[in-house]
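[1] Sequence below, structure please.
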Amino acid sequence: MLPRLAAFSRRPPAGPLAAAARSLFSGSVNIDTPLNYWAGKRRTIQEKWTTENVYEPATGRVLCQLEPCGAAQVDQAVMAAKLAFGPWSQMSGMERARIMIEAAHIIESRREEIAELEVVNNGKTITEARLDVDSARMCIEYYAGVASTLAGQHVQLPGGSFAYTRREPLGVCVGIGAWNYPFQIVAWKSAPALACGEGRSSSTADNGSKIMEMASKGVKPVTLELGGKSPLIIFQDSDVENAVRGALMANFLSQGQVCSNGTRVFVQREMVPEFVEEVVRRTKAIAIGDPLLESTRMGALVSRPHLDKVLSFVDQAKKEGATVLCGGEPFVPSDPKLSGGYYMTPCVLGNCTDAMTCVREEIFGPVMSVLSFETEEEVLRRANDTTMGLAAGVFTRDVKRAHRVVQQLNAGSCFINNYNITPVEVPFGGYKMSGIGRENGQVTIEHYTQLKTVFVEMGDVDSLF
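    Coordinates of the predicted model:
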């Protein structure tokens, strides 16, 4: 069975809530437009289903109703992708590239509209949402460039015979997104598939192991980009300003709701006092509030249950002996219309140890755990002591040390003197329980194609019979 598809129809409830929902936008977004896309056009689902309220994170108000898809809608989506696969896969790479570039131009022209939709739907700041839209556009542009370069290999064999390989599309692919980067992930999943000539069918997330189990029954290939509990190692010779900036970027982007976040911040003991003082000062200064305002640097968490869960991690950390150096509390913005939103103050935890829950489990919120270490050998052992391995980072002025440490970190994406930078040209993905396969970069083409080998005999058959 395919994972459940979540189809949204942007139909605000009647009465005062409708006007309230409309007032959340600057005017460039028409929230009455259905977002369902079936059989080549947008439409509202005709069947009657039990709807679920969708809440706007910034205000807590009902934004629209979600209409879950049934089996019939799933089948329609897959069939539409199959029908598209025929003509799309027969196009040349240049023809596909032209269409993809046109799509990228449309995204660029509607950048602000899409970014505002992301903010209202997700709670992240408008500044970050614009960057997400840019990332999606650049991903499509990048793979448009790759589309015309897909090629195999020619192998010369004895007697003038030869063999060649060709990369062929897999067929219909299902991309499973997540709620923290909705629009960006759509592009990251779709662009390489479209470049290779696939048909597309998209769904919302299920967990990775379940997806892998389901795919195994039909011997379907999968790639998985899952969670992380990534280490960020800061050596005493680091530039303090850059180390603090890196730690903030590693923990507080999108309200900490980022799978690659470096939430285990290991600081060499001699540098701990200076680092903690500065990181706490900067964390306290983060502007929290209306995510549509340019000045806001931290918006709302995605939902009330998730906010409660993150806050419970802070409470558990205190019970286990961690010190709350700042934040970790519910936050109510001064603007009355935001009083029902899902806000909290970004938190820095000190005196953390490796066995604490806050250090072992993925919190997925704005909570930084600071740990001290003495030696390089020690911190490497502790940094790698996790079942996950999505990302890791190191700050140091010693170039030899930086490369030496990165070589020994068990993580698929590593950063030196920076963090959470994900250019579309560079592969991104994890080790261990953080997944298999890669997003972005040329290597992704291998996941969306299958290799065919062709032998060509130029002479007579040399038979043993």
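
[2] all strands of the stretch 251-400 of the chain, in order?
    264-268, 323-326, 347-350, 367-373, 388-389, 391-395 (DSSP state E, counting those that start in this stretch).

[3] Now do the buried residues in the second one.
    Within strand 323-326, the residues that count as buried by 16 or more other Cβ atoms under 10 Å are V324, L325, C326. For glycine as for every other residue, the C-beta is placed from the backbone atoms N, C-alpha and C.

[4] My guess is V267 contacts F275. True?
    Yes - between V267 and F275 there is a contact at 5.0 Å, judged by Cβ atoms under 8 Å.

[5] Name the residues contacting each of these two.
    Overlap of the contact sets of V267 and F275 (by Cβ atoms under 8 Å, 6 or more residues apart in numbering) consists of I234, V370.

[6] So the two - more neighbours on which side?
    Between V267 and F275, counted using other Cβ atoms under 10 Å, V267 has the larger neighbour count: 26 against 23.

[7] Next up, the contacts around that one.
    By Cβ under 8 Å, 6+ apart, the contact list for V267 reads I234, F275, V276, V370, L371, S372, F373.

[8] Neighbour-wise, which one of these leads?
    For the contacts of V267, the largest neighbour count, defined by other Cβ under 10 Å, is 28 neighbours, found at I234.

[9] Tell me if I'm right that it and N242 touch.
    No - taking Cβ under 8 Å as the definition, I234 is not a contact partner of N242, at 9.7 Å.

[10] Give me the common contacts of these two.
    With Cβ under 8 Å, 6+ apart applied, the overlap between the contact sets of I234 and N242 consists of F395.

[11] Could I get the strands of the stretch 251-400 of the chain in a markdown table, plus columns for distance to V379 and mean pLDDT?
    As requested, those are arranged in a markdown table below (distance: least, Cβ to Cβ, whole Å; pLDDT from 0 to 100):
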| stretch | distance to V379 | mean pLDDT |
| --- | --- | --- |
| strand 264-268 | 5 | 98 |
| strand 323-326 | 21 | 98 |
| strand 347-350 | 17 | 98 |
| strand 367-373 | 4 | 98 |
| strand 388-389 | 16 | 98 |
| strand 391-395 | 9 | 98 |
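
[12] P333: neighbour count?
    P333 has 17 neighbouring residues, counting by other Cβ under 10 Å.

[13] So for it, what's the nearest residue that isn't a sequence neighbour?
    Leaving aside its sequence neighbours, P333 sits nearest to G289 (Cβ to Cβ, 6 or more residues apart in numbering; 4.3 Å).

[14] follow-up on the earlier one: pipe the strands of the stretch 251-400 of the chain into TSV and attach distance to Y431 per row.
    Output for these, formatted as TSV (distance: least, Cβ to Cβ, whole Å):
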stretch	distance to Y431
strand 264-268	16
strand 323-326	31
strand 347-350	26
strand 367-373	21
strand 388-389	3
strand 391-395	10
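
[15] between those strands, which one is nearest to G459?
    Distance to G459, taken as Cβ to Cβ, is lowest for strand 388-389 among the strands of the stretch 251-400 of the chain, at 51.2 Å.

[16] elements contacting the closest one?
    Packing partners of strand 388-389 (3 or more Cβ pairs under 8 Å, 6 or more residues apart in numbering; DSSP states H and E): strand 431-432.

[17] What pairs with the helix or strand following the strand it packs on, parallel or antiparallel?
    Per DSSP states H and E, the first helix or strand lying C-terminal to strand 431-432 is strand 435-436. Here strand 435-436 has these sheet partners by DSSP bridges: strand 224-225 (antiparallel).

[18] Let me see the mean pLDDT of the partner strand.
    Mean pLDDT, computed over strand 224-225, is 90.

[19] what's in contact with it?
    Here strand 224-225 makes contact (Cβ under 8 Å, 6+ apart) with 208, 211-212, 259, 390, 428-430, 434-437, 439.

[20] Quick check on the residues you listed: which are buried?
    Neighbour counting by 16+ other Cβ under 10 Å classes G208, I211, C259, L390, F428, G429, G430, S434, G435, I436, G437, E439 among the contacts of strand 224-225 as buried.

[21] list the helices and strands the helix or strand hosting the second one packs on?
    Per DSSP H and E: I211 is located in helix 208-216. If you count contacts as 3+ Cβ pairs under 8 Å, 6+ apart, helix 208-216 packs onto strand 224-225.

[22] Quick check: what element follows the strand it packs on along the chain?
    With secondary structure assigned by DSSP H and E, strand 224-225 is succeeded by strand 231-234.

[23] re earlier: out of the buried ones among the contacts of strand 224-225, which comes closest to V461?
    For V461, the closest of the buried ones among the contacts of strand 224-225 turns out to be G437, at 40.3 Å, with distances computed as Cβ to Cβ.
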